[in-house]
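> Give me the fold of what follows.
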Amino acid sequence: MQIVYSRVSTAAQSLQRQRHILTEAGLLVRTEGVAEGFRPADGVLLFEDPATTSKIPALDRPAFGKIAAKAHPGDTLTVSELFRLCRDLLDIHAVRNWCQARGVALRVLSGPLSNFHDLAANDATTAVIINVITAVGQFQRDIQNELTVEGIAAAEAEGRYRAGR
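So this is what the prediction gives:
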């Protein structure tokens with residue numbers, strides 16, 4: 001069984017980009033006259049967490065609880081982009097461990113890890129590549145957070161920023 005997961009952080013965001021990627025992969029089908037305009041392809045289970053902050057670990061999100069109830073060994077969990085599923089290095093490892101424990105493959109359709117058939121594979125090559133790429137991603141996120149804090153501090157010092165505005 002193919003299991004597809006999508007998520008956006010806020011109600012103002014759209015699932016359209018993810019749906020487009022999933023449609024290109026044959027996992028979703030465009031439909032006429034349906035509000036969302038997409039439906040799962042045959043043999044695909046679709047789970048979505050709209051307006052769910054990435055601060056909630058993947059395994060704790062409402063849709064993931066539904067995935068856990070439906071997933072069986074040999075199934076594949078597919079996401080359009082890794083950051084739609086996992087927030088950081090700890091989260092990707094938790095999801096990989098969950099997949100490995102249940103015999104579920106993990107596939108990402110776009111981004112630097114998209115060439116892997118199974119990101120949950122329990123081999124040294126997959127593990128080291130995931131560790132390196134996710135560590136670089138975490139480093140990038142940490143630098144971005146530091147720059148944001150510095151920018152806010154500089155704006156406050158110049159009187160151009162007030163918290164809560």
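> give me the low-pLDDT residue ranges for this protein?
33-36, 163-165 (pLDDT under 70).
> So which elements touch the longest helix along it?
When the chain is parsed with DSSP state H, its longest helix is helix 124-157. Helix 124-157 sits against helix 89-102, with contacts defined as 3 or more C-beta pairs under 8 Å, 6 or more residues apart in numbering; DSSP states H and E. Quick note: C-beta positions are derived from backbone N, CA and C, even for glycine.
> after the helix it packs on comes which helix or strand?
strand 105-110 (DSSP states H and E).
> What is the burial count for Ile152?
13 (other C-beta atoms under 10 Å).
> and if you look at Asp118?
17.
> Quick check on it: phi, psi?
Per-residue torsions, Asp118: phi -150, psi 100 (degrees, to the nearest 10).
> before we move on, back to that, buried residues in the longest helix of the chain, which are they?
Thr126, Ile130, Ile133, Thr134, Gly137 (16 or more other C-beta atoms under 10 Å).
> Turn these into CSV, columns for distance to Arg19.
Output for the buried residues of helix 124-157, formatted as CSV (distance: C-beta to C-beta, whole Å):
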residue, distance to Arg19
Thr126, 27
Ile130, 26
Ile133, 25
Thr134, 25
Gly137, 23
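> Nearest to Gly43 among these?
Thr126 (25.3 Å; C-beta to C-beta).
> tell me the contacts of that closest one?
Phe116, Asp118, Leu119 (C-beta atoms under 8 Å, 6 or more residues apart in numbering).
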